[in-house]
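>>> how would this look folded up:
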Amino acid sequence: PWILDTDTTVKPLYGHQEGAVVSYNPHKPGRPSHSFHCYILANLRLVLAVEVQAGNAHTSKHAAPTLWKLLDSFAPHEKPAVLRGDANWGNEPIMQEAEQRHQPYLFKLRLTTGVKRAIERAMYEQDWQDAGAGWQGKDGELRLMGWSRQRRIVILRRRIERSLLVERNPAGQLSLSFAEIDGSREVWEYAVLVTSLSSEILTIGQLYRDRADCENTFDELKNHWGWAGFTTRDIKRCRLMACSVALIFNWWNLFVRLADPYHHREAITSRPLLLHAIGRQTSHAGRTTLTITSVHGEHYRARRALTRIAGFFADLRRTAEQLTAVERWYRILSHALIKYLRGRQLRPPPLLQHL
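Numbering: from 1, shown residues only. Below is the predicted model:
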């Protein structure tokens, strides 16, 4: 079972580019931008698809056509166990489409007036359950204006021990201070999720907290792999570049997992480690003929990682001639994803076995 994360990130633009529109841009208000709609295989941090649109096409309704096309391309047994997204996706058109496809979902809701009323009603009730990581949860049902039916909601709350206050000093400037909350006065942070899942509250809470991994993927793609760094005049080439970067990002993640299948290694640490050659000094006829040394201080770690990868491919090479190209690729994937497969060997679908 796997989870499909859907989210959108903003790329600020500098210059005259097609689709450069001033719209939602939290980090650079007033700056033109592109919207990158991304669909990610959760936990593995593999990008399944990315679509680049103009800066004002940042909402879920602009991303939905690609999402449904992607989901419809999967066979029934290949579909994700959960479709997960933030508050941008918790709306009637998206949920209705998911329900028609019998696709389970988990979205966050915006704190609209109707949602706030549900929170207020829950405040006075006592049957809160443990939702993990310091959160409490409570089940409920809600039908907002514009919704076609009642849906299950899970209200989460977490007690805040310190409150961030904004004050003005005598000069009129804003300053920040932290104030202790008195034991008799409780301050809570709330979040409301809407879902078609029947899982208990503890599972629902953890499933949504795990969505933070999607934000980590965006951070890595933008800051370490260049999503925020390339420039094109037309949006068609921008889409091509975004997909190319995502594909290389996927390849590198799988390559690094061959060295350490039990951890995700970000590019900022794995690239310097594994892009250097580890060699030896050899001598012939009394003189040194070749010297290759690592240029960083972690050559022992690099040697261990590269030796592990080389050993795997040496074993694969012994049987490679008996396998098709697809079967060889599945052997590589089975080794890279051993943490999740728990030793199980992936088998190509029957239609691919003869390619």
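
>>> is the nearest residue to Leu48 once chain neighbours are set aside in a helix, a strand, or coil?
Using CB to CB, 6 or more residues apart in numbering and skipping residues adjacent in sequence, the residue nearest Leu48 is Tyr39, 4.8 Å away. Yep, even glycine has a C-beta here, placed from its N, CA and C like the rest. With DSSP: H, G, I helix; E, B strand; the rest coil as the basis, Tyr39 sits in strand.

>>> report all helices and strands that the one helix or strand Gln206 maps to contacts.
Per DSSP states H and E, Gln206 falls inside helix 201-209. With contacts taken as 3 or more CB pairs under 8 Å, 6 or more residues apart in numbering; DSSP states H and E, helix 201-209 sits against strand 82-85, strand 105-108, strand 129-132, strand 135-142, strand 151-159, strand 188-195.

>>> try 7 Å
strand 105-108, strand 129-132, strand 135-142, strand 151-159, strand 188-195 (3 or more CB pairs under 7 Å, 6 or more residues apart in numbering; DSSP states H and E).

>>> for the second one, buried residues please.
The one in question is strand 129-132. Of the residues in strand 129-132, Ala131 count as buried by neighbour count, 16 or more other CB atoms under 10 Å.

>>> please apply the same query to the fourth one.
For strand 151-159, the neighbour count (16+ other CB under 10 Å) marks 151, 153-158 as buried.

>>> between the residues you listed, which sits nearest Asp72?
Arg151 (22.9 Å; CB to CB).

>>> the closest one contacts Leu142, correct?
Yes. Under the criterion of CB atoms under 7 Å, Arg151 makes contact with Leu142 at 6.4 Å.

>>> okay, which residue is most central for this protein?
A centroid search over the chain (CA atoms, centre = their mean) returns Cys214, at 1.9 Å, as the residue closest to the centre.

>>> just say helix, strand or coil for that one.
Look at Cys214: counting by three-state DSSP, its state is helix.

>>> rewinding a little: least confident of the buried residues of strand 151-159?
Least confident of the buried residues of strand 151-159 in the model: Arg158, at 91.

>>> wait, isn't that one in contact with Tyr190?
No. Look at Arg158 against Tyr190 with CB under 7 Å: they stay out of range, at 8.2 Å.

>>> hey, where'd the helices end up in this structure?
60-72, 92-100, 113-123, 201-209, 212-223, 235-259, 267-274, 299-319, 325-336, 338-341 (DSSP state H).

>>> what sits against the residue nearest to the centre of the chain?
5, 7, 40, 42 (CB atoms under 7 Å, 6 or more residues apart in numbering).

>>> Throw the helices of the chain into TSV and include mean pLDDT and distance to Ala49, thanks.
Shown next, in TSV, are the helices of the chain (pLDDT from 0 to 100; distance: least, CB to CB, whole Å):
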stretch	mean pLDDT	distance to Ala49
helix 60-72	95	5
helix 92-100	96	16
helix 113-123	93	30
helix 201-209	95	22
helix 212-223	91	13
helix 235-259	95	8
helix 267-274	87	21
helix 299-319	88	28
helix 325-336	92	19
helix 338-341	92	21
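
>>> looking at the ones you listed, which is closest to His34?
helix 235-259 (6.6 Å).

>>> mind listing what's buried in that closest one?
For helix 235-259, by 16+ other CB under 10 Å, it's 235, 238-239, 241-242, 245-246, 249-250, 252-254, 256-259.

>>> then stretch 97-117?
Judged by neighbour count using 16+ other CB under 10 Å, the buried positions of stretch 97-117 are 98, 103-109, 115.

>>> a markdown table for the residues you listed, including distance to Trp147?
Shown next, in a markdown table, are those (distance: CB to CB, whole Å):
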| residue | distance to Trp147 |
| --- | --- |
| Ala98 | 13 |
| Gln103 | 17 |
| Pro104 | 18 |
| Tyr105 | 14 |
| Leu106 | 17 |
| Phe107 | 13 |
| Lys108 | 15 |
| Leu109 | 11 |
| Val115 | 12 |
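
>>> out of the helices and strands packed on helix 201-209, nearest to Ser73?
Closest of the helices and strands packed on helix 201-209 to Ser73 is strand 105-108, at 18.0 Å (criterion: CB to CB).
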